[in-house]
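Novice: Could you work out the structure for the sequence below:
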Amino acid sequence: MERMQVLKDNLSVIEKVVPRGSEIIYLDYPLHLNVGDLLILKGAEQFFKENDYKVITRHSDHTSMNFVEKTDSIPEHVVIVLHGGGNFGDLYPAHQRLREAVVKKYRNNQVVILPQTVHFKDKANLLKSGAIFKQHPNLTIFCRDTNSEAILKEHFCDNVFLCPDMAQSLWNVFPQQKSGDIKQKAMWMIRRDIEKTDLSALGAEADPNNFVDWHDICTDADRRFMKFMHLFEKLNRKIPGNLFPTNTMWYQYTDKLVDRVNQRFMSHDSVITSRMHGHILCCLLKMNTQLIDNSYGKNSGYYESWTKGVPGCELVKL
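Specialist: Sure thing, here's the model as predicted:
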């Protein structure tokens, strides 16, 4: 069986915790233009659809905390599902505060955190957060690598399971590259944010003038649309009745955005990237990719756990 199909099948570990047909609330989905997070979102929704989950309500990273603060109780049979990714820890504190608020408030509900990578810079932050999570009686955390698994089992909860990234559920949903698609040489897709990597070991070959990141691939029109969505969500919080259907508008817009990104990727003969989801997207599109680690080992951890053995994939050692 093809390795990518095996990875998609491995997501079934979630179904053992959240049975087919469950009613769920989905929190912290990305209303921003990190396309990697959007791929996780699209993959999660594909998984929900394939497992007949009934999503009662969805709330973005801009509205989830407001939902938690204003919602005192949720029917006990409803599972609270939190978005996956690489923001479990103290690098992105707003997301961690939301998760802590959920496990503090909804002790009568099953809480599930979709596959995450864990990283804390400060041990004190890890211990403080872990003490909060330990108090929840029905919490499950999925994680994307063995290092995260060890941290979570020691400090956060007993129900921890290794699982591929949710974007893997998009296998055979996206198009796959054909020779006629290729019009350009390799694309260098390199992080510029707090997880960026020192690439000096690669020498002149790694020319920053040729680097792109998600920000460069997204357009000013994308950024304007996102700002309108942020404004509409603010208005929805102030005006009763959910006047603007931001979930629907954002989902439809980002479907087109992801299609556009897919076409751009497939126009290159390969992608050299320090973005985990640049790498995963290449795997989904059946493209050649070289993966460079991020600042703290997230990418290499994922490669060793899951995508090693996918045809055309290589981990670059710096």
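Novice: Which stretches in the chain count as helices?
Specialist: Taking DSSP state H to define them, one finds helices in the chain at 3-10, 12-17, 35-50, 64-70, 93-105, 123-134, 146-155, 214-217, 220-238, 246-266, 276-284, 298-302.
Novice: Indicate which one of these is closest to Trp188.
Specialist: Shortest distance between Trp188 and the helices of the chain, using Cβ to Cβ, is found for helix 276-284: 9.8 Å. Quick note: C-beta positions are derived from backbone N, CA and C, even for glycine.
Novice: Now do that closest one: distance to the chain's middle.
Specialist: Between the centre of helix 276-284 and the centre of its chain there are 12 Å (Cα atoms, centre = their mean, to the nearest Å).
Novice: what pLDDT does Asp293 get?
Specialist: Note for Asp293: predicted pLDDT of 89.
Novice: same question but for Lys185, I mixed them up
Specialist: Looking at Lys185, the pLDDT reads 95.
Novice: cool, and Phe48?
Specialist: 98.
Novice: how close does it get to Asp72?
Specialist: 25 Å (Cβ to Cβ, to the nearest Å).
Novice: Compare those two (neighbour count), which wins?
Specialist: Taking other Cβ atoms under 10 Å, Phe48 and Asp72 do not tie; Phe48 has more neighbours (20 against 8).
Novice: Do I have it right that that one meets Ile56?
Specialist: No - Phe48 lies out of contact with Ile56 (Cβ atoms under 8 Å); the separation is 11.5 Å.
Novice: Domain boundaries for this protein, per the record?
Specialist: Listed domain ranges for the chain are 3-169, 175-316 (source: automatic domain parsing).
Novice: Which of the ones you listed has the lowest mean pLDDT?
Specialist: domain 175-316 (a mean of 93).
Novice: quick one on the thing from earlier: would you mind finding the most buried of the helices of the chain?
Specialist: helix 276-284 (a mean of 27; mean count of other Cβ atoms under 10 Å).
Novice: Restricting to C-alpha, output that helix in PDB.
Specialist: The C-alpha trace of helix 276-284 is given here as PDB (Å, rounded to 0.1, in the frame of the first residue of the first chain):
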ATOM      1  CA  MET A 276       6.500  21.400   7.600                       C
ATOM      2  CA  HIS A 277       3.300  21.900   5.600                       C
ATOM      3  CA  GLY A 278       5.300  22.900   2.500                       C
ATOM      4  CA  HIS A 279       6.700  19.400   2.800                       C
ATOM      5  CA  ILE A 280       3.400  17.700   3.600                       C
ATOM      6  CA  LEU A 281       1.800  19.500   0.700                       C
ATOM      7  CA  CYS A 282       4.500  18.200  -1.700                       C
ATOM      8  CA  CYS A 283       3.700  14.700  -0.400                       C
ATOM      9  CA  LEU A 284       0.000  15.200  -1.100                       C
END
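Novice: Next, the residues that contact that helix from outside, please.
Specialist: 4, 35-37, 39-40, 86, 165, 167-168, 170-171, 174, 189, 261-262, 265, 270-271, 273, 288-289, 291, 294, 298-299, 302-303, 307, 310, 312-313 (Cβ atoms under 8 Å, 6 or more residues apart in numbering).
Novice: Adding distance to Lys185, write the helices of the chain out as a markdown table.
Specialist: Putting these into a markdown table (distance: least, Cβ to Cβ, whole Å) gives the following:
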| stretch | distance to Lys185 |
| --- | --- |
| helix 3-10 | 25 |
| helix 12-17 | 38 |
| helix 35-50 | 21 |
| helix 64-70 | 41 |
| helix 93-105 | 36 |
| helix 123-134 | 43 |
| helix 146-155 | 34 |
| helix 214-217 | 17 |
| helix 220-238 | 25 |
| helix 246-266 | 13 |
| helix 276-284 | 15 |
| helix 298-302 | 22 |
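Novice: tell me the contacts of the residue minimising distance to the centre of the chain?
Specialist: The residue lying closest to the centre of the chain (Cα atoms, centre = their mean) is Gly85, at 3.3 Å. Shown in contact with Gly85 (Cβ under 8 Å, 6+ apart): 36-37, 40, 95, 116-117.
Novice: Ok, Gln176 next?
Specialist: Counting by Cβ under 8 Å, 6+ apart, Gln176 has contacts 285-286.
Novice: State the phi and psi torsions of it.
Specialist: Backbone geometry at Gln176, expressed as degrees, to the nearest 10, gives phi -120, psi 140.
Novice: Check the gap between it and Met189 for me.
Specialist: From Gln176 to Met189 the distance is 19 Å (Cβ to Cβ).
Novice: now do Ala167
Specialist: Ala167 is 15 Å from Met189, by Cβ to Cβ.
Novice: buried ones in stretch 296-313?
Specialist: 296, 298-303, 305-307, 310, 313 (16 or more other Cβ atoms under 10 Å).
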